[in-house]
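K.L.:
Predicted model and sequence follow; I will ask about them next.
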Amino acid sequence: QLHVCLRELRSGTPSPRPAPAPANASATQRLPGAIIIGVRKGGTRALLEMLSLHPDVEVAKAEVHFFNLDDNYRRGLGWYRAQMPLSRPGQLTVEKTPGYFTAPLAPGRVRAMDPGARLLLIVRDPAERLVSDYTQVLHNRRQRGKPYPPLEELLLRQGRVNTAYKALQRSLYHQHLGRWLARFPRAQVHVVDGEALIRDPFPELRRVERFLELPPRIAPDNFYFNATKGFYCLLSAGHDKCLDESKGRPHAPLSAQALRTLCLFLREPNRRFFSMVGRTFAWC
Ligand SMILES: Nc1ncnc2c1ncn2[C@@H]1O[C@H](COP(=O)(O)OS(=O)(=O)O)[C@@H](OP(=O)(O)O)[C@H]1O
């Protein structure tokens, strides 16, 4: 363009204007600048969908599983970038894969891609999370016609918490966060309160906008409570969107005694997590 202007100045005659660039001319696939790393069943899908309301954000619709699955990681950053949506310069690309949070190699791999990456961690009462996690696995097994033991059988061994149970391990937030904080400064990790996001999404989204240094564009009227769904749904440009039926399923039952045992067990891990993040949550 500078050339065109100089030519015009020298010749005194304006050169023909270039055709206007199509709106998506500079749209290209970019690596994410922010990643929702977990927790599984914490509200990661709701957070991603809500963030995608922002005009400066483009999100990868499907979970990419790049940093947690060796087969994907071996495909390289070119493959990872190819999974991303088109974005314009100045827009932020975001992906979510809750499996990253608990994957031992994920923090180092994300850092190798971008030591400045911003990480979003949405948490929820770890006992609730565990029951939700179990309910999801139970549902998947039933769909494939396969049996699955009752939750209590997996969770307890001789009346004590079975620490080998995967869903229990995924609820030990301090252990996993410790690995991320060994690779990233605390200021690069933003913790979202999953229960608060369910109760009233707007204030949580405002905090996320601030953390991501985005201008405030998500508004309270982007959300409305859908009494049939029992959750907030999204409204944008006249479109209405609720999350699918895999979100907000009735949870599998757990006896009061087993829940008490679980909550007692989680007290110390939760306390450690609170001290890592510098805030407390009203968990069981
Ligand atoms: N607005 C809205 N609509 C529907 N569901 C909502 C919403 N906000 C948060 N949630 C909660 O999201 C929980 C599922 O979490 P994830 O999306 O992280 O699950 S997953 O790990 O991707 O499978 C899901 O957990 P369950 O209720 O246990 O199914 C929901 O409680």
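P.N.:
Structure's in. What do you need?
K.L.:
just how off-centre is stretch 102-120 within its chain?
P.N.:
14 Å (Cα atoms, centre = their mean, to the nearest Å).
K.L.:
What lies in contact with it?
P.N.:
With Cβ atoms under 8 Å, 6 or more residues apart in numbering as the test, stretch 102-120 has contacts from 31-40, 47, 67-68, 73, 77, 80, 94, 100, 169-170, 176, 179-180, 182-184, 188-190, 192, 208, 211-212. For the C-beta atoms, the positions are set from N, CA and C on the backbone; glycine is no exception.
K.L.:
Up against the ligand, what does the chain have?
P.N.:
40-46, 98, 132, 136, 197-198, 231-232, 243, 247-249 (Cβ under 6 Å from any ligand atom).
K.L.:
Mind checking which of the residues you listed are in helices?
P.N.:
Assigned to helices by DSSP state H, the following of the residues of the chain next to the ligand qualify: 44-46, 132, 136, 197-198.
K.L.:
circling back to that earlier point, filter the residues of the chain next to the ligand down to the buried ones, PyMOL style.
P.N.:
A single PyMOL command is used to select the members of these judged buried by 16 or more other Cβ atoms under 10 Å:
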select buried, resi 40+41+42+43+44+45+46+98+132+136+197+198+231+232+243+247
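K.L.:
so how far does stretch 239-257 reach from one end to the other?
P.N.:
Using Cα to Cα, to the nearest Å, the end-to-end distance of stretch 239-257 comes to 45 Å.
K.L.:
Regarding this protein, what is its longest helix?
P.N.:
helix 256-277.
K.L.:
Which elements pack onto it?
P.N.:
Applying 3 or more Cβ pairs under 8 Å, 6 or more residues apart in numbering; DSSP states H and E, one finds that helix 256-277 contacts helix 126-143, helix 151-155, strand 160-161, helix 173-181.
K.L.:
could you dump these to TSV with mean pLDDT?
P.N.:
Listed next are the helices and strands packed on helix 256-277 as TSV, based on pLDDT from 0 to 100:
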stretch	mean pLDDT
helix 126-143	98
helix 151-155	98
strand 160-161	98
helix 173-181	98
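K.L.:
buried subset of the contacts of stretch 102-120?
P.N.:
The neighbour-count test (16+ other Cβ under 10 Å) marks 32-40, 47, 67-68, 73, 80, 94, 100, 170, 176, 179-180, 183-184, 188-190, 192, 208, 211-212 as buried among the contacts of stretch 102-120.
K.L.:
any low-confidence regions in the stretch 1-150 of the chain?
P.N.:
Applying pLDDT under 70 to the stretch 1-150 of the chain flags the ranges 1-25.
K.L.:
what are the ranges of the helices in it?
P.N.:
2-11, 44-51, 70-73, 76-82, 106-113, 126-143 (DSSP state H, counting those that start in this stretch).
K.L.:
Distance to residue 253 added to these, as TSV?
P.N.:
Output for the helices of the stretch 1-150 of the chain, formatted as TSV (distance: least, Cβ to Cβ, whole Å):
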stretch	distance to residue 253
helix 2-11	70
helix 44-51	24
helix 70-73	36
helix 76-82	40
helix 106-113	33
helix 126-143	9
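K.L.:
Thanks again, I'm all set now.
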